[in-house]
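Participant: Sequence and predicted model, in that order:
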Amino acid sequence: MLKKISKIIFAGSNNFSLEHLRALFYSKYTVTAVLIKLDNPFCKNKNEQFSPIKKFAIRHNIQILQTNKLNEKKFFIKISKIQADILIVSSYGLIIPSNILQLFYFGGINIHASLLPRWKGAAPIQWAILSGDSYTGISVIQMNSKVDSGKIIYQLTCPISSNDNTKTLSAKLIPISLQCMYQSLNMIIYPKKIIQNLKKNIIPTIAPKIKKKDAKICWSLPVIYIDRLIRAFNPWPCCYFLLNKDHVKVKKFSIASFNQKKFKNGEIISISKKGVKINTKYGVLRIEKIKMPGKKTLHIKDILNSNKQLFIKNKILP
């Protein structure tokens, strides 16, 4: 008799993974429990202490398995009692031990936002943009005890436009990833029903976790790289530059020129209602909207109306 998937445990952490949980919850499958990390006690906003996955589980009365210590015996006993058929992982953030994976009849699958083995790791979407890739995609893999290294079950590609940031690219990847998830589940149940030709000769690369300190703009870099950096770090952690010791976040920008100018790196070339032009190693960046510490996002023209001395021509930014 053909074994079917009747019980699913879902592991995730963010809004990207929430879309997969939501789709599964309203599908023919049954989400028996969600696996999440511990709440962030250092989060200033109480509404953000709970992950989107936990909020959804509470709202829909789904059992919550919450721990950062997956190797603990008491957790192993707790998850084994559920007797789920498969573990589905999306942007979870912790490595699932092999003894946990062995509890599931169909093992575990991971929905990863890249064309593996390119961009293994925590931040595949950001690194694809940062590296100037023309396309990325979704990979669903059969999980093992290593990071993003299992057998690839299914893949689909997605183009990256020159205007994409992490937020827009994530949105483009969601319907593709849902398709990959459902196709993969069908392939697991009916192994010979779907055959896909996977992309070959992809160079393995690592996508390490993004940190806040990585978001500082270095004006000695080419403007095309700064453009990628700002888009890759939108919406988080959001690129910034130093102005009078303040961290000023860049909310809207454009490339004014790709040509090398006879100015120093970080030098303010011009100031107008259209924006502030700043020289880089190769090319000029136009800053159009910024957010000062403790203030709301404003267009440069509005800032100039109230504070004309904030930006000074020929000043060199650190």
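Facilitator: Received it, and whenever you're ready, just let me know what you need. Residues are numbered from 1 along each chain as shown.
Participant: buried set for the longest strand seen in the chain?
Facilitator: In the chain, taking DSSP state E as the definition, the longest strand is strand 246-257. Of the residues in strand 246-257, those buried under the neighbour-count criterion (16 or more other CB atoms under 10 Å) are 248-251, 253, 256-257. (Glycine included, C-beta is placed from N, CA and C.)
Participant: Then stretch 32-51?
Facilitator: With the criterion 16+ other CB under 10 Å, stretch 32-51 contains buried residues 32-37, 50-51.
Participant: Outside of that stretch itself, list whatever touches it.
Facilitator: Counting by CB atoms under 8 Å, 6 or more residues apart in numbering, the neighbours of stretch 32-51 from elsewhere in the structure are 7-14, 21, 53-54, 56-58, 62-68, 79, 82, 84, 87, 92-94.
Participant: Which of the residues you listed fall in strands?
Facilitator: Applying DSSP E to the contacts of stretch 32-51, the entries found in strands are 8-12, 63-66, 87.
Participant: Distance of Leu169 relative to Asn14?
Facilitator: Relative to Asn14, Leu169 is positioned 14 Å away (criterion: CB to CB, to the nearest Å).
Participant: Who has more neighbours out of these two?
Facilitator: Leu169 (21 against 15; other CB atoms under 10 Å).
Participant: The closest residue to that one other than its chain neighbours: which element?
Facilitator: What sits nearest to Leu169 in space, not counting adjacent residues and going by CB to CB, 6 or more residues apart in numbering, is Ile125, at 5.5 Å. Element membership of Ile125, judged by DSSP states H and E, is helix 124-130.
Participant: thinking again about what came up before, I'd like the ones in strands among the contacts of stretch 32-51 laid out as JSON lines, including pLDDT, neighbour count and distance to Leu173.
Facilitator: Shown next, in JSON lines, are those (pLDDT from 0 to 100; neighbours: other CB atoms under 10 Å; distance: CB to CB, whole Å):
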{"residue": "Ile8", "pLDDT": "98", "neighbour count": "23", "distance to Leu173": "21"}
{"residue": "Ile9", "pLDDT": "98", "neighbour count": "24", "distance to Leu173": "23"}
{"residue": "Phe10", "pLDDT": "98", "neighbour count": "28", "distance to Leu173": "18"}
{"residue": "Ala11", "pLDDT": "98", "neighbour count": "26", "distance to Leu173": "18"}
{"residue": "Gly12", "pLDDT": "97", "neighbour count": "27", "distance to Leu173": "15"}
{"residue": "Gln63", "pLDDT": "98", "neighbour count": "13", "distance to Leu173": "28"}
{"residue": "Ile64", "pLDDT": "98", "neighbour count": "12", "distance to Leu173": "26"}
{"residue": "Leu65", "pLDDT": "98", "neighbour count": "17", "distance to Leu173": "26"}
{"residue": "Gln66", "pLDDT": "97", "neighbour count": "15", "distance to Leu173": "27"}
{"residue": "Leu87", "pLDDT": "98", "neighbour count": "24", "distance to Leu173": "21"}
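Participant: Out of these, the closest to Lys209 would be?
Facilitator: Using CB to CB, the shortest approach to Lys209 within those belongs to Gly12, at 16.4 Å.
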